[in-house]
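>>> Predicted model, plus sequence, below.
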Amino acid sequence: MNSAPVTALPHPTESADPGAFARPDRIHVTGGTPLSGQVTLRGAKNLVPKAMVAALLGSAPSVLRNVPQISDVRIVTGLLEAHGVTVRTGENRDELVLDPTSMDRADHAEITAHAGESRIPILLCGPLLHRIGHAFIPDLGGCRIGDRPIDFHLDALRAFGAIVDKRPDGLHIEAPQKLRGTKITLPYPSVGSTEQVLLTAVLAEGVTELRNAATEPEIVDLIAVLQKMGAIISVLDNRVIHITGVERLHGYVHRALPDRLEAASWACAALATGGDILVRGAQQGSMMTFLNMFRRVGGEFEVDDDPSAPGIRFWHPGDSLHALALETDVHPGFQTDWQQPLVVALTQAQGLSIVHETVYEKRLGFTSALISMGAQVQLYRECLGGTPCRFGQRNFMHSAVISGPTKLHAADLEIPDLRAGFSYLIAALAAQGTSTVHGISLINRGYEDFADKLNALGARFEFGAPSES
Ligand code: EPU
């Protein structure tokens, strides 16, 4: 492992742009300018915090590279530090050194204070049970895109032998004896529950067989991290994963895979504003399903796999965009996190598009703001355009018909969740006039330096004056 000089470097919770987390929580965006230029991706928001949690399992420090300055990383840093883990910036700004050798129980109030709006705390259970025999998990935050229960997580932990006690202040989980490998079949290929099982099974006694596992690229990258630590994990056909528990894991050195969800967001921004954006770091392999859909709607892209600066250039070719039908799904399907920014672009496509959201029952709720900007979007309870899903009989407005193209006009927008937040920025940039977008701190959860990137692409915006609050 590299030895990292730290004195001149800031603590990992300090942003490269210190103002980013302190700015007014609203932004005024003037639309009508095509976004053009390049942005560079950093490590995936949906991998980095989990790789940080994996460091808890090691008996030696780990080094994580390509770490973005986003608030989810700040939250996990706080949680790990509350448990006595040392987290510091490494040789480069985007490198974290995580030393779990002095881990200890944390004060419950401190955990609650650090957990913030994130869902990551639930993933600390397995590592904490292995290391200190006890985990306390306060109420979970996260984007309000559905009910987001944690029943699969808790059932899995119980299957390993943990005892879960739900109390008013949160979950108290104990491992009265060493956790044992087990057979688990997830009712749905949930990303978080798959990660829960992986992070718990690696140090459990014996073999764990996980069926109906999620296989998103971020999960494969987490498996790579665990394997570097000494874990034995086999990914088999048909969503089956076998994990052979080992006695001990060591530290890792790992470069996080780039954020394919952010990449798609910029691609949609190029499409909706009639622009041209080179996304440095974007990888074709993890975005194939998105790229097919991008092409179908009429967007152009070009993959540059020059190893010195790989990336994908996305642009609007100038012709009219085509309406389409799409259904979100678990990987390798069309990722739900790609849905919201693409819906903004679909408001500019010719004809009727149909979107069936099958992962989160309330993730189409964000379209009400697009309607207030002039978009024509109708939501339906039925499963439109394809396979019946879990939400079909349950009264959720989880299908949309988008009729386009419609000229968008400026509006006052309140951000409900992370991806919707970025999507509202795109909509405001595509609209005529100046929109005000409220609650932009949510965007910091998953988009590093988004304001600097927008600036570099020629977007016209300014942060709301503090006096307006
Ligand atoms: N579910 C349950 N019970 C559980 C767990 C999940 O019913 O115990 C359901 C959920 O309610 C949902 C479905 O299963 O309907 C899928 O949830 P999943 O567990 O896969 O989602 P997650 O792990 O909570 C992660 C990402 C999300 C991303 C989803 C799907 C992180 C921190 N979050 O959430 O990312 O949309 O997987 O790929 O990794 C985002 O980046 O904006 C975001 C929301």
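Cool, the structure landed. Numbers count the residues shown, from 1 in each chain.

>>> so what's E300 up against?
Residues in contact with E300 (C-beta atoms under 8 Å, 6 or more residues apart in numbering) are 314-317. No exception for glycine: its C-beta is placed from N, CA and C like everyone else's.

>>> let's see 7 Å
Counting by C-beta atoms under 7 Å, 6 or more residues apart in numbering, E300 makes contact with 315, 317.

>>> check whether stretch 157-169 contacts the ligand.
No: under the criterion of C-beta under 6 Å from any ligand atom, stretch 157-169 makes no contact with the ligand; the nearest approach is 10.7 Å.

>>> Mind listing what's buried along the least confident helix or strand in the chain by mean pLDDT?
Every helix and strand in the chain was compared by mean pLDDT, DSSP states H and E; the lowest is helix 108-115, with a mean of 84. For helix 108-115, a neighbour-count test (16 or more other C-beta atoms under 10 Å) marks 111-112, 114-115 as buried.

>>> Serialize those residues to TSV and add fields for distance to D72.
Listed next are these as TSV, based on distance: C-beta to C-beta, whole Å:
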residue	distance to D72
I111	16
T112	17
H114	12
A115	11
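
>>> Nearest to P127 among those residues?
Checking the buried residues of helix 108-115 against P127 with C-beta to C-beta, the nearest one is I111 at 13.8 Å.

>>> Look up how far the ligand lies from the closest one.
I111 is 18 Å from the ligand, where distance means C-beta to the nearest ligand atom, to the nearest Å.

>>> count of residues packed around the residue of the chain found nearest the ligand?
Taking C-beta to the nearest ligand atom, the ligand has its nearest neighbour within the chain at G192, 2.8 Å off. G192: 21 surrounding residues under other C-beta atoms under 10 Å.

>>> now the one 3 residues further on
When counting by other C-beta under 10 Å, one arrives at 27 neighbours for E195.

>>> next one: the one 10 residues further on
Other residues within reach of E205, judged by other C-beta under 10 Å, total 15.

>>> and the closest residue to it other than its chain neighbours, what does it touch?
Distance criterion C-beta to C-beta, 6 or more residues apart in numbering; nearest residue to E205, sequence neighbours excluded, is R180 at 5.0 Å. By C-beta under 7 Å, 6+ apart, the residues touching R180 are 160-161, 204-206.

>>> Quick one, which of these are buried?
Looks like the contacts of R180 have 160-161, 204 buried, using 16+ other C-beta under 10 Å.

>>> quick revisit: dump the C-alpha coordinates for whichever helix or strand the residue of the chain closest to the ligand is part of into CSV.
Using DSSP states H and E, G192 falls within helix 191-201. In CSV, the C-alpha atoms belonging to helix 191-201 read as follows (Å, rounded to 0.1, in the frame of the first residue of the first chain):
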residue,chain,number,x,y,z
VAL,A,191,-28.9,-3.8,-5.4
GLY,A,192,-28.6,-2.9,-1.7
SER,A,193,-29.6,-6.3,-0.5
THR,A,194,-27.1,-8.0,-2.8
GLU,A,195,-24.4,-5.7,-1.3
GLN,A,196,-25.6,-6.5,2.2
VAL,A,197,-25.2,-10.2,1.6
LEU,A,198,-21.8,-9.8,0.0
LEU,A,199,-20.5,-7.6,2.8
THR,A,200,-21.8,-10.1,5.4
ALA,A,201,-21.0,-13.4,3.7
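
>>> Now that helix: average pLDDT?
For helix 191-201, mean pLDDT rounds to 98.

>>> for the stretch 51-200 of the chain, which spans come out with low pLDDT?
116, 141-143 (pLDDT under 70).

>>> Confirm A345 sits in a strand?
No: under DSSP: H, G, I helix; E, B strand; the rest coil, A345 falls outside any strand and is assigned helix.

>>> burial count for it?
28.

>>> Angles on the backbone of the residue nearest to E205, please.
phi -110, psi 140 (degrees, to the nearest 10).

>>> Could you do V235 as well?
phi -100, psi 110.

>>> beta partners for the residue lying closest to it once chain neighbours are set aside?
Among residues not flanking V235 along the chain, I241 sits closest, at 5.4 Å (C-beta to C-beta, 6+ apart). Under DSSP bridges, the beta-bridge partners of I241 are L210, V235.

>>> I241 and A44, how far apart?
20 Å (C-beta to C-beta, to the nearest Å).

>>> ok, the residue nearest to V235 - contacts?
Going by C-beta under 7 Å, 6+ apart, the list of residues near I241 reads 210, 213, 233-235.

>>> Tell me which two of these sit farthest apart.
A213 and S234 (11.5 Å).

>>> can you tell me if the longest strand along the chain touches the ligand.
Longest strand in the chain, counting residues (DSSP state E): strand 349-356. No: Strand 349-356 is not in contact with the ligand by C-beta under 6 Å from any ligand atom; minimum separation 13.9 Å.

>>> who does that strand touch, helix- and strand-wise?
strand 321-322, strand 325-327, helix 336-346, strand 399-404 (3 or more C-beta pairs under 7 Å, 6 or more residues apart in numbering; DSSP states H and E).

>>> cutoff 10 Å now
Contact analysis of strand 349-356 by 3 or more C-beta pairs under 10 Å, 6 or more residues apart in numbering; DSSP states H and E lists helix 288-297, strand 321-322, strand 325-327, helix 336-346, strand 376-380, strand 399-404 as its packing neighbours.

>>> and stretch 451-467, what's its mean pLDDT?
88.

>>> Next, the buried residues of that stretch.
451, 453-454, 456-457, 459, 461, 464.

>>> cool, stretch 225-240 as well?
225-226, 228-231, 233, 239.

>>> Beta-bridge partners for H254, please?
L64.

>>> what number of residues lie near P187?
For P187, using other C-beta under 10 Å, the count is 11.

>>> Pretty sure it sits against H153.
No: P187 is not in contact with H153 according to C-beta atoms under 10 Å; the separation is 11.8 Å.

>>> quick one on the thing from earlier: could you list every residue that touches the residue of the chain closest to the ligand?
46, 50, 119-120, 122-123, 140, 142, 148, 150, 152-153, 214, 219 (C-beta atoms under 10 Å, 6 or more residues apart in numbering).

>>> need those residues in CSV with neighbour count and secondary structure, can you?
Shown next, in CSV, are the contacts of G192 (neighbours: other C-beta atoms under 10 Å; DSSP: H, G, I helix; E, B strand; the rest coil):
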residue, neighbour count, secondary structure
N46, 24, coil
K50, 25, helix
R119, 18, coil
I120, 23, helix
I122, 24, helix
L123, 27, helix
L140, 19, coil
G142, 19, coil
R148, 16, coil
I150, 20, coil
F152, 20, helix
H153, 25, helix
A214, 20, coil
I219, 23, helix
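
>>> What are the contacting residues of the least confident helix or strand of the chain?
74-83, 105-107, 121-122, 124, 135-141, 169-170, 172.

>>> after that helix, next one along is what?
Downstream of helix 108-115 (by DSSP H and E), the next one is helix 125-132.

>>> No further queries at this time; thank you.
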